[in-house]
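Student: coordinates only, sequence not included:
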């Protein structure tokens, strides 16, 4: 059981109207182009991508690959003939994040654009080290510190409520309901965004 099954609707990734060309300044657009190239994205697709999603991609130290842990777990389960389910429907998953205004999403994107490559790499190394400690309190604290850095407190608070508190409660209830019917392995992401 995953957070959500893979997205089957490309429209969930893109803004219905508009482009980042009209929302960002020239310096920010140059950074978008450089990061799109680094993350192996078509520039035009990056310009139409929802700002919150682009922030998630651009906040990563390395390009996302099909070998990400959740993809490997899902493929392994499928290879063994296991049914793969999501705790959230794709529509639910994207609706929560889309509930942030465009201005809020742009603040989050700008925060990701301001991060240096060195800072992203350093944050990644810190997260790996704390995960290896197997201390869930330390993991949560560090993840919160990294994710909230550079964000206004009001947006961070909204993210905590909408993306963690409310969703975790819903996903926990659904996981328990599934576990009451059958044996399950639940793998849910580790990052706020």
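Tutor: Yep, it's here. None of these values were measured; they are calculated from a predicted model.
Student: all contacts plus neighbour counts: C-alpha atoms, from now on.
Tutor: Will do.
Student: list the contacts for residue 46?
Tutor: Residue 46 is in contact with 32, 36, 54, counting by C-alpha atoms under 8 Å, 6 or more residues apart in numbering.
Student: which ones are touching the last one?
Tutor: Residue 54 makes contacts with 46, 109, as judged by C-alpha under 8 Å, 6+ apart.
Student: same thing but 7 Å
Tutor: With contacts defined as C-alpha atoms under 7 Å, 6 or more residues apart in numbering, the neighbours of residue 54 are residue 109.
Student: Just the pLDDT for it.
Tutor: In the prediction, the pLDDT value recorded for residue 54 is 94.
Student: which stretch of helix or strand covers it?
Tutor: helix 51-58 (DSSP states H and E).
Student: Point out where the chain drops to low pLDDT.
Tutor: For the chain, applying pLDDT under 70 flags the ranges 65-67, 189-193.
Student: which residue ranges form the strands in the chain?
Tutor: Residue ranges of the strands in the chain, as given by DSSP state E, are 2-4, 86-88.
Student: could these be laid out in a markdown table, adding mean neighbour count?
Tutor: Formatted as a markdown table, the strands of the chain follow (neighbours: other C-alpha atoms under 10 Å):
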| stretch | mean neighbour count |
| --- | --- |
| strand 2-4 | 21 |
| strand 86-88 | 20 |
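Student: For residue 149, the count of nearby residues, please.
Tutor: Burial measure for residue 149: 13 neighbouring residues, criterion other C-alpha atoms under 10 Å.
Student: ok, it to residue 119 distance?
Tutor: Using C-alpha to C-alpha, to the nearest Å, residue 149 is found at 11 Å from residue 119.
Student: Please apply the same query to residue 102.
Tutor: With the distance defined as C-alpha to C-alpha, residue 102 ends up 26 Å from residue 119.
Student: Ok, residue 132 next?
Tutor: Distance from residue 132 to residue 119, counting by C-alpha to C-alpha: 20 Å.
Student: What of residue 54?
Tutor: For residue 54, the distance to residue 119 (C-alpha to C-alpha) stands at 18 Å.
Student: Residue 80 now?
Tutor: Using C-alpha to C-alpha, we find residue 80 at a distance of 39 Å from residue 119.
Student: And the two? Which one has more around it.
Tutor: Neighbour totals were compared for residue 80 and residue 119, and residue 119 leads with 14 against 8 (other C-alpha under 10 Å).
Student: nearest residue to residue 88 other than its sequence neighbours?
Tutor: The shortest distance from residue 88 to any residue that is not its chain neighbour, by C-alpha to C-alpha, 6 or more residues apart in numbering, is 5.0 Å, and that residue is residue 4.
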